[in-house]
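**Student:** no sequence on hand, only this structure:
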């Protein structure tokens with residue numbers, strides 16, 4: 001194991017197309033440079049690619065269930081002046097019977113165009129065709145595009161994208177510029193002028209190759225001491241366009257793999273996702289935004305696992321979440337779609353689940369979370385987003401998995417279909433996802449749902465609730481929420497013990513209102529406010545702040561005469577807040593929860609490396625037995641079951657939401673438009689409403 005200096009940190013398809021004769025597609029991928037081979041799914045849906053002229057500008061996955069089109073923002077299809085979109089379909093053992101399409105305007109939810117595409121032929125498993133875009137489409141306006149296939153295996157397969165008529169061609173030069181920009185970052189002698197596009201900012205990391213932006217240093221942009229090389233051809237996907245009188249902007253994501261040799265002379269592989277926004281003005285290209293994300297393809301071996309820590313290498317994420325068993329013998333964690341469990345006593349690691357992710361786009365399409373691990377190493381975890389299984393082919397949802405350590409196998413307990421992609425689920429899922437005896441609880445969009453695993457019944461336990469009216473304890477075994485689901489008008493707090501389903505109430509006295517603040521470990525912090533004060537403040541004016549233990553016994557109170565509190569924030573055991581007196585803000589204060597908590601056996605950390613710079617790690621509180629050699633078991637067997645699919649019923653009337661996007665990815669979902677705009681501005685992106693209509697775009701506010 002290599003020696004390193006540890007710095008511990010706290011963690012709280014679319015479619016493809018042939019344009020004309022003479023256009024050939026090279027579909028083979030270099031197996032030597034591919035980290036993981038994709039499993040063969042015999043019941044797979046057809047693959048699709050879309051082209052702009054002769055350039056493949058996107059792949060879109062097919063769904064066998066209807067999705068919320070307005071939040072499925074993977075690819076935008078540019079329509080040239082010829083109004084022709086080349087498409088290519090790989091049937092994957094399907095016999096295509098019918099191809100239809102529809103185009104909708106999102107803001108008014110109005111159907112613009114629909115029909116059936118005819119005249120195509122299926123030969124040797126492939127179809128090449130053209131979609132003829134309607135002349136009614138306004139140049140520069142984004143529409144929702146849906147292509148539907150009927151096959152012999154699937155009655156309907158849906159492909160979702162956005163589409164925009166772009167007028168005169170600016171995309172070809174922008175794509176060439178983007179690829180050239182990317183290639184030049186690997187050759188220092190050709191990269192000097194790239195520094196002109198940077199806006200270095202000391203507030204952002206300059207030593208973490210996991211993410212590089214325009215705010216990074218020039219050294220970061222050209223990989224500093226890392227010296228990687230590309231191993232596969234760069235694939236490009238069009239993400240957004242903005243067309244103005246003063247110019248045109250296009251956002252493009254490039255994905256590829258790289259390899260590099262570490263300090264121990266071991267060659268390692270990485271997934272790279274590189275997104276650039278190119279602005280064309282007076283025939284010249286400029287860079288408005290840039291983001292490069294790098295994720296090491298991690299393996300459990302002696303080079304990466306030692307007695308002091310687990311080394312995850314260069315990663316986009318800056319901390320690593322894990323769970324521990326009650327006896328602290330086992331820890332479990334997820335990294336880039338894979339799930340691992342480690343026996344600390346035996347120094348043994350098992351890949352409980354290994355995904356079939358082969359590129360950065362797939363890393364965002366299907367994800368995993370570890371829920372809990374018991375004293376025998378058995379664990380529960382979830383796989384969410386686009387299902388990797390044949391049993392749920394073409395479906396999006398949440399698979400709750402149960403892993404048996406002794407048998408080294410995972411079995412599915414339930415599959416919960418969800419009509420949104422993984423990027424949205426990632427933002428919607430709170431810290432609540434609990435599996436008890438016979439019941440699964442999850443919180444989505446501030447609503448707590450449950451599934452009875454015996455009856456497969458789906459239900460609503462509580463919600464929807466206002467933001468900030470629900471909290472989950474550290475072990476995710478209890479939830480506390482304002483009974484009336486309101487921030488300012490609740491008379492009690494409901495506490496639910498998820499291990500047995502029992503409920504308790506904490507009631508406010510007459511003339512008072514009550515609200516959840518959050519948990520510090522297993523202790524609950526909540527606030528009380530006088531009803532007479534509510535009309536004098538726009539926020540919940542806290543007159544008393546209380547902490548109660550796991551048995552709801554009061555252990556600490558904060559109250560000052562004629563002073564009200566607001567904006568309570570909890571970090572570990574520190575509760576901080578703002579204070580007000582006679583309507584004017586005074587100095588803030590803190591309340592400490594000194595209850596002793598069990599020391600964790602591992603914490604998220606990072607270390608410095610001369611070649612790779614900052615690397616993500618999980619550091620052990622006490623070193624493992626150095627005499628033990630690391631053992632790695634074979635990957636676990638995984639079994640899914642189509643019969644375990646539950647029928648979900650989600651509310652059709654959605655609350656007003658604002659989705660902030662940046663660098664071609666979803667950055668957050670907000671109830672407040674200003675907060676969404678702030679996030680989009682920070683990431684050079686855009687904001688859409690719950691219908692998918694753009695309401696704020698960075699390029700339109702760029703100065």
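**Tutor:** Thanks, I have it. A quick note: this is a predicted structure, and the numbers were derived from the prediction, not measured. Numbering: from 1, shown residues only.
**Student:** in this protein, where is pLDDT below threshold?
**Tutor:** 1-43, 357-358, 653-654, 703 (pLDDT under 70).
**Student:** which residues in it form helices?
**Tutor:** Along the chain, counting by DSSP state H, helices occupy 171-184, 218-221, 360-365, 422-428, 531-534, 673-682.
**Student:** between these, which gets nearest to residue 203?
**Tutor:** Closest approach to residue 203 among those (C-beta to C-beta): helix 673-682, 11.3 Å. Just so you know, the C-beta spots here come from the backbone N, C-alpha and C atoms, and that holds for glycine as well.
**Student:** okay, the helices of the chain, which one's buried deepest?
**Tutor:** Ranked by mean neighbour count, the helices of the chain are led by helix 360-365 with a mean of 21 (mean count of other C-beta atoms under 10 Å).
**Student:** for that helix, name the packing helices and strands.
**Tutor:** Here helix 360-365 touches strand 247-261, strand 267-281, strand 284-296, helix 422-428, going by 3 or more C-beta pairs under 8 Å, 6 or more residues apart in numbering; DSSP states H and E.
**Student:** got CSV for these, with distance to residue 151 too?
**Tutor:** Shown next, in CSV, are those (distance: least, C-beta to C-beta, whole Å):
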stretch, distance to residue 151
strand 247-261, 28
strand 267-281, 31
strand 284-296, 34
helix 422-428, 25
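**Student:** residue 670 is nearest to which of the ones you listed?
**Tutor:** Closest approach to residue 670 among the helices and strands packed on helix 360-365 (C-beta to C-beta): helix 422-428, 9.5 Å.
**Student:** and that closest one, what does it pack against?
**Tutor:** In this structure, helix 422-428 makes packing contacts with helix 360-365, strand 366-373, strand 379-386, strand 396-404, strand 665-670, judged by 3+ C-beta pairs under 8 Å, 6+ apart.
**Student:** the spatially closest residue to residue 426 that is not a sequence neighbour bridge partners, please.
**Tutor:** Leaving aside its sequence neighbours, residue 426 sits nearest to residue 367 (C-beta to C-beta, 6 or more residues apart in numbering; 6.5 Å). Bridge pairing for residue 367 (DSSP bridges) gives the partners residue 384.
**Student:** just residue 243 next, same as before
**Tutor:** Applying DSSP bridges to residue 243 yields these beta-bridge partners: residue 248.
**Student:** quick one, what contacts it?
**Tutor:** 139-140, 166-167, 249 (C-beta atoms under 8 Å, 6 or more residues apart in numbering).
**Student:** residue 340 too?
**Tutor:** Applying C-beta under 8 Å, 6+ apart, we find residue 340 in contact with 300, 332-334, 349-352.
**Student:** rerun that using 7 Å as the cut-off
**Tutor:** Residues in contact with residue 340 (C-beta atoms under 7 Å, 6 or more residues apart in numbering) are 300, 332-333, 349-352.
**Student:** ok, residue 530 touching residue 514?
**Tutor:** No - with contact defined as C-beta atoms under 7 Å, residue 530 does not reach residue 514; the gap is 11.3 Å.
**Student:** reformat the contacts of residue 243 as a markdown table; add distance to residue 280 and neighbour count.
**Tutor:** A markdown table is the format used below for these (distance: C-beta to C-beta, whole Å; neighbours: other C-beta atoms under 10 Å):
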| residue | distance to residue 280 | neighbour count |
| --- | --- | --- |
| 139 | 15 | 12 |
| 140 | 14 | 14 |
| 166 | 11 | 21 |
| 167 | 12 | 14 |
| 249 | 8 | 24 |
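**Student:** could you dump the helices and strands packed on helix 422-428 into TSV and include distance to residue 80?
**Tutor:** Shown next, in TSV, are the helices and strands packed on helix 422-428 (distance: least, C-beta to C-beta, whole Å):
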stretch	distance to residue 80
helix 360-365	24
strand 366-373	33
strand 379-386	30
strand 396-404	31
strand 665-670	26
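**Student:** what about residue 613, distance to residue 214?
**Tutor:** Residue 613 is 19 Å from residue 214, where distance means C-beta to C-beta, to the nearest Å.
**Student:** those two: who's more crowded?
**Tutor:** It is residue 613, of residue 613 and residue 214, that has more neighbours when counted by other C-beta atoms under 10 Å, with 22 against 19.
**Student:** what's around the residue nearest to residue 426, how many residues?
**Tutor:** 22.
**Student:** could I get the contacting residues of it?
**Tutor:** By C-beta under 7 Å, 6+ apart, the contact set of residue 367 is 337, 384-385, 422, 426.
**Student:** repeat for residue 85
**Tutor:** Taking C-beta under 7 Å, 6+ apart, one finds 50, 77, 79, 130-131, 133 in contact with residue 85.
**Student:** closest to residue 159 among those residues?
**Tutor:** Using C-beta to C-beta, residue 50 comes nearest to residue 159 of the contacts of residue 85, at 9.3 Å.
**Student:** the closest one is in contact with residue 76, isn't it?
**Tutor:** No - Residue 50 sits out of contact with residue 76 when judged by C-beta under 7 Å, with a separation of 9.8 Å.
**Student:** quick one: which of these two has more around it?
**Tutor:** Ranked by neighbour count (other C-beta under 10 Å), residue 50 and residue 76 place residue 50 first, with 31 against 24.
**Student:** tell me the spacing between that one and residue 273.
**Tutor:** Counting by C-beta to C-beta, the gap between residue 50 and residue 273 amounts to 19 Å.
**Student:** one more: residue 613?
**Tutor:** To residue 273, residue 613 is 19 Å away according to C-beta to C-beta.
**Student:** what of residue 63?
**Tutor:** Going from residue 63 to residue 273 by C-beta to C-beta gives 22 Å.
**Student:** looking at residue 530 and residue 514, which has the bigger crowd around it?
**Tutor:** Taking other C-beta under 10 Å, residue 530 and residue 514 do not tie; residue 514 has more neighbours (22 against 15).
**Student:** is that one bridged to anything, and to what?
**Tutor:** Residue 514 has these beta-bridge partners by DSSP bridges: residue 528.
**Student:** and it, what does it touch?
**Tutor:** By C-beta under 7 Å, 6+ apart, the contact set of residue 514 is 490-493, 506, 508, 526, 528.
**Student:** give me that answer again for 6 Å
**Tutor:** Counting by C-beta atoms under 6 Å, 6 or more residues apart in numbering, residue 514 touches 490, 493, 508, 528.
**Student:** the first one contacts residue 480, correct?
**Tutor:** No - between residue 490 and residue 480 no contact is recorded; they are 11.4 Å apart, counting by C-beta atoms under 6 Å.
**Student:** what's across from the nearest residue to residue 115 once chain neighbours are set aside in the sheet?
**Tutor:** Nearest non-adjacent residue to residue 115, counting by C-beta to C-beta, 6+ apart: residue 101, 6.4 Å away. Judged by DSSP bridges, the bridge partners of residue 101 are residue 115, residue 147.
**Student:** measure residue 101 to residue 69 for me?
**Tutor:** 13 Å.
**Student:** for residue 658, give me its contacts.
**Tutor:** Residue 658 touches 670, 673, 676, 687, counting by C-beta under 6 Å, 6+ apart.
**Student:** I'd say the first one and residue 679 touch.
**Tutor:** It refers to residue 670. No - contact criterion C-beta under 6 Å: residue 670 and residue 679 do not qualify, at 7.3 Å.
**Student:** before we move on, the earlier item: of the contacts of residue 85, buried ones?
**Tutor:** Buried members of the contacts of residue 85, scored by 16 or more other C-beta atoms under 10 Å, are 50, 77, 79, 130-131, 133.
**Student:** and which of those residues is nearest residue 697?
**Tutor:** Closest approach to residue 697 among the buried ones among the contacts of residue 85 (C-beta to C-beta): residue 77, at 18.2 Å.
**Student:** tell me the spacing between the closest one and residue 83.
**Tutor:** Here residue 77 is placed at a distance of 12 Å from residue 83 (C-beta to C-beta).
**Student:** contacts only, for residue 104.
**Tutor:** Applying C-beta under 6 Å, 6+ apart to residue 104 gives the contacts 111, 144.
**Student:** make it 7 Å
**Tutor:** Residues in contact with residue 104 (C-beta under 7 Å, 6+ apart) are 110-112, 143-144.
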